[in-house]
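# Need coordinates for the below:
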Amino acid sequence: MATTLKLILFLLLSLHIFSLVSSHRPHPLDPLTPSEFTLVRNIVHKLYPSLKLNITLQYVGLDEPDKPAILLWLSNPKSKQRPRCVFVIVRLDKQSHEIIVDLATHAILSDKVYNEHGYPLLIYEEQLAAMELPQTYKHFIEFIEKRGLNLSKVVCSTFTIGWFGELKSKRVLKVLCFYVDGTVNLYIVEYYDRFIVPVPKAEGTECRESKLEPPFGPRLNGATLVNPYGPRFKIHRHTISWANWKFHLGFDVQAGPIISLASIYDLEKQKYRQVLYRGFISEMFMPYMDPSEEWYYKSYFDSGEYGFGLSAVSLKHFVDCPTNAVFLDAYFSTNNGTPAKISNAFCIFENHAGNIMWRHTESSIPRKVFTEVRPEVSLVVRMVTTVGNYDYIIDWEFKPNGSIKLGEFYQLENYFLKNIRITNKSHNKFYNYLLLISGVLEVKGVTYTHIDQIKKNVHGTLLSENTISVYHDHFLTYYLDLDVDGKANSFIKKNLETIKVTNPSSPRKSYWTVVSETAKTESDAQIQFGLKQAELVVVNPNKKTNVGNNVGYRLIPRSVAHPLMSYNDYLQIRGAFTNNHVNRKIENKDIVLWYTIGFHHVPCKEDFPMMPTFGVGFELRPNNFFDSNPILKTRPPYIVHLPNCTN
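Numbers count the residues shown, from 1 in each chain. Here you go, the predicted structure:
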């Protein structure tokens, strides 16, 4: 009897320990932890001892399992997972090594030298070393003294050199220096040793509240959001559940925030249904429009060269995010493999913006007037990344109606680029994602003090005395692996076409109708918005609504513009992801939508010295995905009455 009791206790204890272990198993898409970064560092340095070799870790990120393995695990979380692996890019003896590390066995699975074009992203330590070099360079010190400037007030920054047809590029940077006498707004003044121009004045460029002088504008009233019932969302490690949504939030030093496995609960079907397998910003392309010696090369790739995640900043309570926000940290690897933390890199909050989710007032029934209104509440995931002079506020907003909104929409005519292409996911291995933009304009010094003096093209706007801000573009390409109710999807263009009425019995002369066109290959799916009226829908041809519609999600773009550089310009060749054409089959396949947004930035006085927040974005919205309105039965929030305090 005692033996049996001991056996039962042993089994119960074993089950308890197993449950604890399994409950602590990481999600296969969770970003790397500080202890994992340290483990990778030790493994790599054991392979290449840093005391003997000049080695830097340029990139350390999760080597994600293939999609079928993730979907298998999602259907059965207790199934055996592939061991967690890490993808490492190492610079060693002027070569880039791509290394795969197995965290379970502490083994190097592969080590390949990368011999193709391009280089890994720039790390902080490299940029810092380059910034400090001019301070010790004899000729630089001489031309600072020649201009009568104080060397201690000179600040230098790094700039990538671009590519202009060279057969073999070099891993080099340009270093430009600025003068900060009278302002911390270092992008306002700039020097080149080719010639001397007047220094733009620091007056009026200060942005720190503590340094500003009267007169001031009106002080805006703040608002405190009181939620007596606490947040309605739950965060389990990196999986977030809110209302009818569930998704995973990841982090990468290149891409920044990564949204994965987003699914929405269907009240009628009583189950979660897939929407988005993976989404992030793939690249940010920012070419300037000045062909002169000092500017022609400026064509930044903010994600691939500088890293959206690496450039993430800590968010401030009550300013970057509202009072009801919850914050998450992010971690990355330094050049020697030591883990570093970005505190409060993410904030997650319920957005109570005063919007209406749906409403109707019915007054046509005699003596029976009624009004039904549902206030809209959404969930926002936010990260801010500062790349040089611009701050990018990256929001992913999830709505109860099934929409995923990316960005705020400011309708400025001719400012937005919208472009789209589709690729076959089964062949795609490209891993290089709202957006609000603020920050400081990058400007150049000139002799002009008034626009009447300008007799030639200066490639920008005169904003202040001796100060011109150069025209430029902001192009962002989102990687959106939509899995609409499953991974076998098709891309449909619903063209809106005008039909002339030929029936003499009708007084109408015309009407429009929808002519659907399913893209068979990737080249069929190339879209330049604005050229033709169309609705764009990703559908699952294998799933139907109760009346036979293909279930789908619609891409809702906004205003339209088009790339203005020549396709044979080296900048546009390098940024050819905005106009690339390929021909793989995409019908009823696991496809990826690449969507490019952005705007042509013609600077104006109001952008100087600090640019007010400006937004671009789009929306993914259900299109026959549900059998009826999914928010019809959404209950409004509880109302808490507070005293009305007035002065």
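# Next, Gly279: secondary structure please.
strand (DSSP: H, G, I helix; E, B strand; the rest coil).
# hey, what's it bridged with?
For Gly279, the beta-bridge partners under DSSP bridges are Ile259, Leu480.
# Same check on Trp396?
With DSSP bridges as the criterion, Trp396 is bridged to Val381.
# For Val90, see how far away Gly217 is.
Separation of Gly217 from Val90 (CB to CB, to the nearest Å) stands at 51 Å. No exception for glycine: its C-beta is placed from N, CA and C like everyone else's.
# So between the two, which is more surrounded?
Neighbours were counted for Gly217 and for Val90 using other CB atoms under 10 Å; Val90 has more, 24 against 5.
# Secondary structure element for the more buried one, which one?
Taking DSSP states H and E as the definition, Val90 sits inside strand 85-92.
# Now do that strand: which elements does it pack against?
Identification of packing neighbours for strand 85-92 by 3 or more CB pairs under 8 Å, 6 or more residues apart in numbering; DSSP states H and E yields helix 34-47, strand 55-63, strand 95-102.
# all strands for the stretch 501-647 of the chain, in order.
All strands of the stretch 501-647 of the chain, identified by DSSP state E, counting those that start in this stretch, fall at 510-518, 527-528, 534-544, 550-556, 591-601, 610-616, 618-623.
# lowest-confidence stretch among those strands?
Comparing mean pLDDT across these, the weakest is strand 527-528, with a mean of 68.
# before we move on, the earlier item: of the helices and strands packed on strand 85-92, which is nearest Leu249?
Closest approach to Leu249 among the helices and strands packed on strand 85-92 (CB to CB): strand 55-63, 13.2 Å.
# Among the helices and strands packed on strand 85-92, which comes closest to Val514?
Ranking the helices and strands packed on strand 85-92 by their distance to Val514 (criterion: CB to CB) puts strand 55-63 first, at 42.5 Å.
# pLDDT of that closest one, averaged?
Per-residue pLDDT over strand 55-63 has a mean of 95.
# could we number from 575 for the rest of this?
OK, 575 is where the count begins now, so the last one is strand 629-637.
# what angle do it and strand 659-666 make?
160 degrees (axes from the mean of the first three to the mean of the last three CA atoms, to 10 degrees).
# Return the list of strands paired to strand 629-637, each annotated with direction.
strand 659-666 (antiparallel).
# quick one: buried residues of the partner strand?
Neighbour counts over strand 659-666 (16 or more other CB atoms under 10 Å) mark 659-665 as buried.
# In space, what's closest to Leu631 - neighbours in sequence excluded?
Nearest residue to Leu631 in three dimensions, chain neighbours excluded: Gly911, at 5.0 Å (CB to CB, 6 or more residues apart in numbering).
# Against Ile1171, how distant is Asp1181?
Distance from Asp1181 to Ile1171, by CB to CB: 19 Å.
# More neighbours: which of those two?
Neighbours were counted for Asp1181 and for Ile1171 using other CB under 10 Å; Ile1171 has more, 24 against 19.
# how deep is His812 tucked in, by neighbour count?
By other CB under 10 Å, neighbour count at His812 equals 19.
# Tell me who's in contact with it.
Taking CB atoms under 8 Å, 6 or more residues apart in numbering, we find His812 in contact with 601, 603-605, 822-824.
# same check, this time on Leu980
In this structure, Leu980 makes contact with 969-971, 1008-1009, 1052, 1191-1194, judged by CB under 8 Å, 6+ apart.
# And the pLDDT at Tyr688?
93.
# Ok, the one 3 residues further on next?
His691 carries a pLDDT value of 83.
# I figured it was touching Leu741, is that so?
No. The criterion here is CB atoms under 8 Å, and His691 misses it with Leu741 at 9.9 Å.
# Who are the packing partners of the helix or strand hosting Glu857?
Here Glu857, judged by DSSP H and E, is contained in strand 845-861. When contacts are defined as 3+ CB pairs under 8 Å, 6+ apart, strand 845-861 packs onto strand 819-826, strand 830-840, strand 873-875, strand 964-972, strand 1046-1056.
# pLDDT (mean, whole number) over it?
94.
# Okay, buried residues for that strand please.
847-861.
# out of these, who's nearest Gly635?
Nearest to Gly635 among the buried residues of strand 845-861: Phe854, at 12.0 Å, using CB to CB.
# hang on, isn't the closest one packed against Tyr1053?
Yes. Judged on CB under 8 Å, Phe854 makes contact with Tyr1053 at a distance of 5.5 Å.
# any idea how far Pro651 lies from Arg599?
Counting by CB to CB - Pro651 and Arg599 are separated by 8 Å.
# picking that back up, quick one, which of the contacts of Leu980 has the minimum pLDDT?
Leu1008 (46).
# Is Pro603 in contact with Trp647, as I believe?
No, residue 603 isn't Pro; it's Leu. No. At 9.5 Å, Leu603 does not count as touching Trp647 under the criterion of CB under 8 Å.
# re earlier: output the buried residues of strand 659-666 in a markdown table; the columns should cover distance to Asn1123 and pLDDT.
Output for these, formatted as a markdown table (distance: CB to CB, whole Å; pLDDT from 0 to 100):
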| residue | distance to Asn1123 | pLDDT |
| --- | --- | --- |
| Cys659 | 41 | 97 |
| Val660 | 44 | 98 |
| Phe661 | 41 | 98 |
| Val662 | 47 | 97 |
| Ile663 | 46 | 97 |
| Val664 | 51 | 95 |
| Arg665 | 53 | 93 |
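# which one of the residues you listed sits closest to Ser1064?
Of all those, the one with the least separation from Ser1064 (CB to CB) is Phe661, at 31.6 Å.
# In CSV, list the buried residues of strand 659-666 along with distance to Leu677.
Output for the buried residues of strand 659-666, formatted as CSV (distance: CB to CB, whole Å):
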residue, distance to Leu677
Cys659, 7
Val660, 6
Phe661, 12
Val662, 12
Ile663, 17
Val664, 17
Arg665, 22
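# what's the most distant pair in those residues?
Taking CB to CB, no two of the buried residues of strand 659-666 sit farther apart than Cys659 and Arg665, at 20.5 Å.
# how far away is Phe1200 from Leu1037?
For Phe1200 relative to Leu1037 (CB to CB), the value is 50 Å.
# scratch that, Tyr905 is what I was asking about
Tyr905 sits 40 Å away from Leu1037, going by CB to CB.
# same question, Ile833
In terms of CB to CB, Ile833 sits 37 Å off from Leu1037.
# Lys641 now?
Lys641 sits 48 Å away from Leu1037, going by CB to CB.
# Equivalent analysis for Tyr622, please.
With distances taken as CB to CB, Tyr622 is found 50 Å from Leu1037.
# same check, this time on Ser837
Distance of Ser837 to Leu1037, given as CB to CB: 48 Å.
# Name the helix or strand for the nearest residue to Asp894 once chain neighbours are set aside, please.
In this structure, Asp894 finds its nearest non-sequential neighbour in Val958, 6.2 Å apart by CB to CB, 6+ apart. Assigning secondary structure by DSSP H and E places Val958 in strand 952-961.
# Just the buried positions in that strand, please.
Buried residues in strand 952-961, counted by 16+ other CB under 10 Å: 952-959, 961.
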